[in-house]
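Trainee: got a predicted model here, sequence first, then my questions.
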Amino acid sequence: MQQTTIELLLSLLPRNKAVESEIAGLYFYCADRPEAVVSYIQEPSICIVLQGEREIYLGTECQYFDNSHLMFCPVNIPVNVHIQQATIETPVIVMSMKLNLECIRDVLAKIQPQHTVDERYLGIKWQLDHALLTTFERLIALLDSPNDIGFLAPLFQQEIYYRLLSAPQGEKLKQLVVNGSHTHRITQATNWLKEHLSEPVIIEDLAHHCGMSVSGFHKHFKEITQLSPLQYQKSLRLIAARRAIQSGDNRIADIALQVGYESPSQFSREYKRLFGISPSHELL
């Protein structure tokens, strides 16, 4: 990332607060101090650490991201994010761009992406090449020319999708907008799990609902989200519970029940295993 781009962002961004920029769907976060683990649901998006490094926990598995890779989230993914090192002089800067399915379809209609999937692009961590990074830099530079955003931002975003679709990972992005694709079917499953948070899930029924075999459902769910269906549901539940507890609700047993746990002791064990702290200690 060019230093001029970093300097522009440092002059514009508030510290330690997520903000949406003047470019619709483009968000930034600038941390000038280390942070404890933050839990949230990452919406379908492309995320890039422009400066510094952050840790992404999917369940208990940790992946490190800096400006050499992007994080590709084709569906809602429950993540725990940790920033270990950040200073006022060298803050961590993170950018995320929501995926625009209509724009992806428009670009896809005009090109012929590759039909094979490179094994390097089966997860959420993708190599960030120079051409793609340069396009993002041009998009960010528009923040310094607000009058140009309306006309040029959609063109640069089209170029971003063009480069992604034309690259080795293109088939993975294409599957987002193709009815009946594995990604499209797993999206149905993740949406159901989010909307029925407290309900028990029978994997066979969920796989059937998505029109997939149980083995195929497990395989593609893990490939796309990096979590098994049950791990995904557990993460959704625990993140929702943590949000409620951190908002000041001290009815831990009630919260556990609301997110689908019948056993408060099991809830406390799994909460501590994921976040490293018990629910009761969140209130201290």
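Mentor: Sure thing, it's come through. Numbers count the residues shown, from 1 in each chain.
Trainee: give me the residue at the spatial middle of this structure.
Mentor: Gln42 (3.5 Å; C-alpha atoms, centre = their mean).
Trainee: could you give the bridge partners of that one?
Mentor: Counting by DSSP bridges, Gln42 is bridged to Ile77.
Trainee: how much space separates it from Gln158?
Mentor: 23 Å (C-beta to C-beta, to the nearest Å). In this view, the C-beta of every residue, glycine as well, is placed from N, C-alpha and C.
Trainee: same check, this time on Cys30
Mentor: Cys30 is 27 Å from Gln158, by C-beta to C-beta.
Trainee: still on that earlier bit, let me see the contact set for the residue nearest to the centre of the chain.
Mentor: Contact analysis of Gln42 by C-beta atoms under 8 Å, 6 or more residues apart in numbering lists 71, 73, 76-79, 96.
Trainee: which of those residues sits closest to His184?
Mentor: Asn76 (14.0 Å; C-beta to C-beta).
Trainee: roughly how far apart are the closest one and Arg185?
Mentor: With C-beta to C-beta as the criterion, Asn76 and Arg185 are 15 Å apart.
Trainee: same question for Glu195.
Mentor: 16 Å.
Trainee: more neighbours, those two?
Mentor: It is Arg185, of Glu195 and Arg185, that has more neighbours when counted by other C-beta atoms under 10 Å, with 21 against 8.
Trainee: can you report how many residues lie near the closest residue to the more buried one other than its chain neighbours?
Mentor: The shortest distance from Arg185 to any non-neighbouring residue, by C-beta to C-beta, 6 or more residues apart in numbering, is to Cys210 (4.2 Å). Number of residues near Cys210 (other C-beta under 10 Å) recorded here: 20.
Trainee: same deal with Ala253?
Mentor: 12.
Trainee: how near is it to Val259?
Mentor: 12 Å.
Trainee: kindly report the same for Gln3.
Mentor: 45 Å.
Trainee: now do Met212
Mentor: 26 Å.
Trainee: likewise Glu61?
Mentor: Taking C-beta to C-beta, one finds Glu61 at 22 Å from Val259.
Trainee: of those two, who's got more company?
Mentor: A count of neighbours by other C-beta under 10 Å puts Val259 above the other of Glu61 and Val259, at 20 against 10.
Trainee: the more buried one against Ile239, yeah?
Mentor: No - if you go by C-beta atoms under 8 Å, Val259 and Ile239 don't touch, sitting 9.1 Å apart.
Trainee: separation between Asn179 and Arg243?
Mentor: 33 Å.
Trainee: looking at those two, which is more packed in?
Mentor: Neighbours were counted for Asn179 and for Arg243 using other C-beta under 10 Å; Arg243 has more, 15 against 6.
Trainee: check the more buried one and give its pLDDT.
Mentor: Note on Arg243: pLDDT of 90.
Trainee: with adjacent residues omitted, what lies nearest to it?
Mentor: Ser39 is the one closest to Arg243 (C-beta to C-beta, 6+ apart), at 7.5 Å.
Trainee: does the one you found belong to a helix, a strand or coil?
Mentor: Here Ser39 is recorded as strand under DSSP: H, G, I helix; E, B strand; the rest coil.
Trainee: of the contacts of Gln42, which is the nearest to Ser280?
Mentor: Pro78 (22.1 Å).
Trainee: list the contacts of the closest one.
Mentor: Taking C-beta under 8 Å, 6+ apart, one finds 39-42, 58, 227, 232, 235-236, 239 in contact with Pro78.
Trainee: now it: closest residue in space, sequence neighbours ignored.
Mentor: Ser235 (3.7 Å).
Trainee: where's that neighbour, which helix or strand?
Mentor: Element membership for Ser235, per DSSP states H and E: helix 229-246.
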